[in-house]
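**Q** Sequence and predicted structure below; questions after.
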Amino acid sequence: DDWPSWYAEHRVLPYLRSAVDAGTVRPGEAGVIEAVCERLPALAGPAEPPARLHGDLWQGNVLWGADGEVRVIDPAAHGGHRETDLAMLRLFGCPYLAEVLGGYEETSPLADGWQDRVGAHQLFPLLVHAVLFGRGYAEQALSAARSTLAG
């Protein structure tokens, strides 16, 4: 019912704590991500009903067939905000991303300002990667948080 609070409390903040504990996000840096979480209700755009998300949508899980068809594999399906999968595609790259986004806009237009919210949707996967793979992802998470606040 309240995606911004759920996302902050159950996705972003637990991994932020883990990243701080692991030393990949410095304690003095955590505040910028915490500020996004505090302001997320105002930053998240208009409320929408939950959407079924792939949950791990990056280019490795999008297969382009020789027959011209696209297959999406390896889902970690859950309910969430529909902008999240699109932010994942932008984060880790996707061939034909402009066409994918164009097709999405044509079929189910996104709320105004969605591009300013991409960084907020990228915080969770970036913090997961920071915990698993180190400081480079922490720096990306901090950058995404700053861009979201500047938005």
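**A** Thanks, I have the structure now.
**Q** Check the gap between the residue lying closest to S5 once chain neighbours are set aside and L53 for me.
**A** Closest residue to S5 apart from its sequence neighbours, by Cβ to Cβ, 6 or more residues apart in numbering: P41 at 7.0 Å. Where C-beta positions appear, they are placed from N, C-alpha and C, glycine not excepted. Going from P41 to L53 by Cβ to Cβ, to the nearest Å gives 20 Å.
**Q** Same check on V128?
**A** Taking Cβ to Cβ, one finds V128 at 15 Å from L53.
**Q** what do you get for A98?
**A** Distance, A98 to L53, using Cβ to Cβ: 21 Å.
**Q** Those two: which is more packed in?
**A** L53 (20 against 8; other Cβ atoms under 10 Å).
**Q** so what's the more buried one bridging to?
**A** Counting by DSSP bridges, L53 forms beta bridges with H78.
**Q** can I assume it is in contact with L86?
**A** No: assessed by Cβ atoms under 8 Å, L53 is found out of contact with L86, at 10.0 Å.
**Q** outside of stretch 30-48, which residues touch it?
**A** Identification of contacts with stretch 30-48 by Cβ atoms under 8 Å, 6 or more residues apart in numbering yields 2-5, 7-9, 12-13, 16, 20, 25, 81-83, 111-114, 117, 120, 123, 127, 141-142, 145-146, 148-149, 151.
**Q** C-alpha coordinates for it, CSV please?
**A** What follows is stretch 30-48 as a C-alpha-only set of coordinates in CSV (Å, rounded to 0.1, in the frame of the first residue of the first chain):
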residue,chain,number,x,y,z
ALA,A,30,25.3,6.9,4.8
GLY,A,31,23.4,10.1,5.5
VAL,A,32,22.8,10.9,1.9
ILE,A,33,21.1,7.6,1.3
GLU,A,34,19.2,7.9,4.5
ALA,A,35,18.0,11.4,3.3
VAL,A,36,16.6,9.8,0.2
CYS,A,37,14.8,7.2,2.3
GLU,A,38,13.3,10.0,4.5
ARG,A,39,12.2,12.0,1.5
LEU,A,40,11.1,9.1,-0.6
PRO,A,41,7.4,9.7,-0.2
ALA,A,42,7.8,13.1,-1.8
LEU,A,43,10.4,11.9,-4.3
ALA,A,44,8.7,8.7,-5.5
GLY,A,45,6.1,10.4,-7.8
PRO,A,46,2.4,9.7,-7.8
ALA,A,47,1.2,6.6,-6.0
GLU,A,48,0.5,3.6,-8.2
